[in-house]
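Visitor: Need the 3D shape of this:
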Amino acid sequence: MFATKVLRASSAAERVPMIKFIGKRTIPASVDHSAHAHPASPSHELPADWTTAPKPSSSFSSYRQQAQQHGPLGRAKSSADGSIGSMSGHSLGPVSPNKGEYFDRNELPARFRRTPIDLAEIDAIETGGATLVC
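Guide: Numbers count the residues shown, from 1 in each chain. All right, here's what the predicted structure looks like:
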């Protein structure tokens, strides 16, 4: 019953870790910490107001106010600046699909619509096929 405990205790004393630590980690002196564009950026250059030695005025927060991702990241200064989010949907005008595009499945031609379910099929599904008579 206690054989497992004894076995574990004896193997714990002889256990040697497989990982060898060389020494204290240090940052290599050859690493360049200056700002540079991301390797996957489309323009391969930094923003116009960003320099290799950022000034206090060109901090990340000031950069973020002018940055665009999927729209402005900063808050809009006025609600009537002409951007899509500042106008109501009604003021943008009617929305209609292009030719060959449909917003709802019921607008499709009859051959592409779902076929209605037959009452016999509904009964077969609900009873698991137990009442199905051929």
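Visitor: now Phe103, what's its secondary structure?
Guide: coil (DSSP: H, G, I helix; E, B strand; the rest coil).
Visitor: Run a quick neighbour tally on the nearest residue to it once chain neighbours are set aside.
Guide: Among residues not flanking Phe103 along the chain, Pro97 sits closest, at 5.7 Å (Cβ to Cβ, 6 or more residues apart in numbering). For glycine as for every other residue, the C-beta is placed from the backbone atoms N, C-alpha and C. Pro97 sits with 10 neighbouring residues when counted by other Cβ atoms under 10 Å.
Visitor: Can you give me the pLDDT of Gly129?
Guide: Gly129 is assigned 74 on the pLDDT scale.
Visitor: element containing it?
Guide: Applying DSSP states H and E as the criterion places Gly129 outside every helix and strand.
Visitor: Extract the residue ranges of the chain that are flagged as low pLDDT.
Guide: For the chain, applying pLDDT under 70 flags the ranges 1, 10-13, 49-58, 65-85, 132-134.
Visitor: sorry, back to before: what's the residue nearest to Phe103 sitting at in phi/psi?
Guide: Main-chain dihedrals, Pro97, degrees, to the nearest 10: phi -70, psi 150.
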